[in-house]
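Asker: test case, fold it:
(one chain, ligands or ions: 1)
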Amino acid sequence: ALTTEQTACLQAEACTVKPTACFAQCFNVTVDQVSSITGCFEQCTSDTGASNCGQVCDEKARALLGVGVEEIMDTYTHTTPVGNNARNETSSGAGTVMTPSASASPLAASMAWSSNDSTVPVRIANPASLVAGDSIDVSAKDANVPGSLPEKPKSSPAATSKPLSPYKAPFVPGGHYPSLGSTLAAATPPEVKPSKPRFCRNIIIYGSCKFEHSGCRFSHEPESNTDNTVPKSPEKKNLRPNPSSPVFTPRKFKKPEIAEASPAASASMSPSVAVGLSPNTKPFYPGRGQNLASRFASVALDNQDHEQPTEDHIPDFDYEEPVPPTAPQLHGPLSNSFTHQRTPASPARLTQQLGQLPRYPLQYHLYSSPPTNTTNLLPHQKALADFFVSDTLRQDLMERNVARQDVQSTDPNLPAEVHQYHSLTRLEADRPGGLTAGLRTTVYKAISTHDGLTYALRRVEGFRLLNENAMAVVEAWRTVVHPNVVTLYEAFTTTAFGDQSLVLVYDYFPLAVTLRTFYFGDHLTMSGEPVHEREGGAPPRSDLLASPYGGSSGLVPGLGSSPHGVPLTGPIPNFCQRIDEPTLWSYTIQLASAVAAVHGRNLAFHSLAIEHILVTDKNRLHIDRASLLDFVTFDAPNNLVHLQREDLTCLGRILIQLACGHLHAPKYNKDALVFIQRYYSANFKQLILYLLGRMGPGRNVEDLLRIVGPRILDEINASRFRNDALQAELSQELENGRLVRLLCKFGFINERPEFAKDPEWSETGDRYLIKLFRDFVFHQVDELNRPVVDMAHVLTCLNKLDAGVPERIMLTSRDEQSCLIVSYRDIKECIETAYSELARGR
Ligand SMILES: Nc1ncnc2c1ncn2[C@@H]1O[C@H](COP(=O)(O)OP(=O)(O)OP(=O)(O)O)[C@@H](O)[C@H]1O
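Answerer: Next up is the predicted model:
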């Protein structure tokens, strides 16, 4: 009999986690000795001839442990969760249970291999969890026959008439299989709960029972509805929302609050967004941050919509039918109006209809791999992160992609299509467009029906094209293709917006911001008013049009002047160094290069200003609005040399603004130069003096390039380094597309419910090999039956598979009774055949 210590030891919590080690400890034997007993029971499984095999093993256990297995299991059972596996089987419908919990009891599991009389070994995860009357369905698909591909087990009623050993049970294919657990339970009446005969599962599964009149001991009478005979979906129960769960959020949720919530705040509101969000993970705001935050909010709400109450449990909170959102900025995807759509069958409509669907942004932070402790790695080992592109770059690219693809317009007044462009979305919709030469301009993102690419449409409102020749400007500017100029593609006039508008079509750079916003935040004048306030005042003077800085006045409109153009007086503002000199040189070189390209084509920017330069990537500038002023001042007399010099002056002023960290610095030229002299090199100061025309009246871009020449090498080197870094990142991802394609094929083939009316299609023939390979790649377990999660193994296997290498591997069936030695090439062929079979069958 078990001693008190042994009983306590067996019932200890730790015993359920590492049973083999626990048994060894409880009985003061080695792990190997315990394994020999489990191995003995496993032998019984395949050794179908030895009818007393179980008894032999039991005696061996008695000799070694001092007690019989029966008694051990009785005690051990009390610590093991009862009934989980056996009952779960009902829903899975599978006889073989390979649930992780099965591994919690290897001894029990191996003792379950007691089907000596059967033709098909059946593995029961935890026989001890069964009680008398319990039955386990045996479906042929999981009952693997050693050494061969699985077939449906042949019915063998004769088997039932064989004499039974205490560890053997009659095996009724497709029927019931009282296990060791139930046998033991029957032998110990106090443990058995008396229960009425269970409803025969053959009837549930097959509709009838062949053995109804020849010995089947289960009930064949239909039971009342209150009985548990009809398996209830366990999911249904799990769906019940739990009010105390952090996932649950009542429907009466203040949406605007979510929209403004910080990621930290959203963590408490919507775990689906915030789960795993590390404090280091950058909050993700593609497109315009405010809109994104609200989109997250709407997603959080949408997700909650799935937490529907079940029929049998209505939680006690106010459930509201979803109401159409009223605040367009909060629910962009849902707030589109179709009323303005003019071409029902157009891509615009399709895209907008797609936009109506609730969208679920990817949980980017969940993609981030946890930091690996690389200190423990051997030189030849790699961290998981080394297989993939870095988290920061991936997040950056994904944000841009999302910003590019986000076509959910929040403005119902926008036309569905303008010219060949659809899905218009206003950029910076939260503020009015700026004024150019007294005309309001607005920027939209839109998709071209011709090539499906996204473009930036700059609309000049209320523009009347008086001179057709102005369109020639487009031809001239279209030739300017430069890495630091936003390319102009076309221009057209339209009435689609309800007025006469000129639209200039440019390259679109997702998440680009102006240099001004980048360094000085959003549009505030020195007096703290939004910059656009000034535009309510007097229109810019015509003599200012040639230069945004006001030509002879020397004032920066809106920067050095008050909202109404009055020069500012007062104390000189405090300058501060915001940008280091190498960065400023890099900017200078990029802008000088762009200016050189434009001046070389006998053009000029006219409007070079800090607001008109986009920051499109790290330290990457693009000059925007090319040709805009050429259009709107087409009829005004222009002196090209003068305009080109003005470009250089503007460049100098931009550099002063950036160097002094103050938008109004050019107004205080003297102080600005003193500041620059103190904090920057003499060369930089000389450059600025040259650009401002203090070194002589004759200025041109060639001289500028000569001045910046020595620094150009630094710029080239920096861009080479960046290029190398990006290439290295790219190579990490090189194989991934290939592997995804492979995984897709796996997905198509494996566990396919039915194909060609054969439910077993994916489990037989070549497909069985694929299934075994899948297990080999993904479902390996260690000696203690714990899942092996080894990404390197997966990648290696998939790469070898894709290459079809002749290397051989051994595939083992789940019951470990059959082994197949095959090469990757064989498996590849099997996959190709199975996949093409599927593709043909469509
Ligand atoms: N080509 C482009 N690609 C991507 N985004 C762009 C592009 N052009 C402009 N934007 C975005 O649109 C925003 C608005 O542009 P911009 O400020 O030039 O126009 P605006 O509304 O006329 O304002 P203002 O004239 O007052 O500066 C910019 O902040 C920038 O983020």
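
Asker: so what's the residue count around Leu648?
Answerer: When neighbours are counted by other Cβ atoms under 10 Å, Leu648 registers 22. For glycine as for every other residue, the C-beta is placed from the backbone atoms N, C-alpha and C.

Asker: surely it meets Arg699?
Answerer: Yes - in this structure, Leu648 is within contact of Arg699 by Cβ atoms under 8 Å, at 5.1 Å.

Asker: mutual contacts of the two, please.
Answerer: Common contacts of Leu648 and Arg699 (Cβ atoms under 8 Å, 6 or more residues apart in numbering): 691, 693.

Asker: C-terminal to the helix or strand containing Asn799, what's the next element?
Answerer: Asn799 belongs to helix 791-803 when assigned by DSSP states H and E. As assigned by DSSP H and E, the chain's next helix or strand after helix 791-803 is strand 808-812.

Asker: for that following strand, could you pull out the residues that count as buried?
Answerer: 809, 811 (16 or more other Cβ atoms under 10 Å).

Asker: pairing partners for the next helix or strand after that strand, with directions?
Answerer: Per DSSP H and E, the first helix or strand lying C-terminal to strand 808-812 is strand 819-823. Strand pairing for strand 819-823, determined by DSSP bridges: strand 808-812 (antiparallel).

Asker: could you export the strand it pairs with as CSV, CA atoms only?
Answerer: The C-alpha trace of strand 808-812 is given here as CSV (Å, rounded to 0.1, in the frame of the first residue of the first chain):
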residue,chain,number,x,y,z
ARG,A,808,16.6,12.5,-45.9
ILE,A,809,14.6,12.9,-42.8
MET,A,810,12.7,10.5,-40.7
LEU,A,811,9.0,11.3,-40.2
THR,A,812,7.2,9.6,-37.4
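
Asker: okay, the angle between it and helix 791-803?
Answerer: 120 degrees (axes from the mean of the first three to the mean of the last three Cα atoms, to 10 degrees).

Asker: now strand 808-812: mean pLDDT?
Answerer: When pLDDT is averaged along strand 808-812, the result is 92.

Asker: what about the nearest residue to Ala597 once chain neighbours are set aside, neighbour count?
Answerer: Leaving out its chain neighbours, the residue that sits closest to Ala597 by Cβ to Cβ, 6 or more residues apart in numbering is His482, at 4.4 Å. A count of nearby residues for His482, using other Cβ under 10 Å, gives 18.

Asker: related to what we said a few turns ago, buried residues in the helix holding Asn799?
Answerer: So for helix 791-803, counting by 16+ other Cβ under 10 Å, buried means 795, 797-798, 800-802.

Asker: ok, stretch 376-384 next?
Answerer: Within stretch 376-384, judged by 16+ other Cβ under 10 Å, no residue is buried.

Asker: output it as PDB, nothing but the C-alphas.
Answerer: Taking C-alpha atoms only, stretch 376-384 is exported to PDB below (Å, rounded to 0.1, in the frame of the first residue of the first chain):
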ATOM      1  CA  ASN A 376      24.500  33.400 -24.300                       C
ATOM      2  CA  LEU A 377      24.700  32.600 -28.000                       C
ATOM      3  CA  LEU A 378      27.600  30.700 -29.400                       C
ATOM      4  CA  PRO A 379      29.400  32.300 -32.300                       C
ATOM      5  CA  HIS A 380      27.600  30.200 -34.900                       C
ATOM      6  CA  GLN A 381      24.200  30.800 -33.400                       C
ATOM      7  CA  LYS A 382      21.900  33.500 -34.400                       C
ATOM      8  CA  ALA A 383      19.200  35.400 -32.500                       C
ATOM      9  CA  LEU A 384      15.700  35.100 -33.900                       C
END
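
Asker: helix or strand for the closest residue to Ala604 other than its chain neighbours, just tell me which one.
Answerer: Leaving aside its sequence neighbours, Ala604 sits nearest to Leu643 (Cβ to Cβ, 6+ apart; 3.7 Å). Element membership of Leu643 [criterion: DSSP H and E] is helix 640-660.

Asker: skipping its backbone neighbours, what lies nearest the closest residue to the ligand within the chain in space?
Answerer: Nearest to the ligand, among the residues of the chain, is Gly434, at 2.0 Å (Cβ to the nearest ligand atom). Nearest non-adjacent residue to Gly434, counting by Cβ to Cβ, 6+ apart: Thr441, 5.8 Å away.

Asker: OK, contacts around that neighbour?
Answerer: Taking Cβ under 8 Å, 6+ apart, one finds 433-435, 458-461, 628 in contact with Thr441.

Asker: that one belongs to a strand, doesn't it?
Answerer: Yes - assessed with DSSP: H, G, I helix; E, B strand; the rest coil, Thr441 lies in a strand.

Asker: is it correct that the residue nearest to Ala597 falls within a helix?
Answerer: No - read with three-state DSSP, His482 is coil and lies in no helix.

Asker: so where does Lys828 fall, helix or strand?
Answerer: Using DSSP H and E, Lys828 falls in helix 824-840.

Asker: many thanks, I have nothing further to ask.
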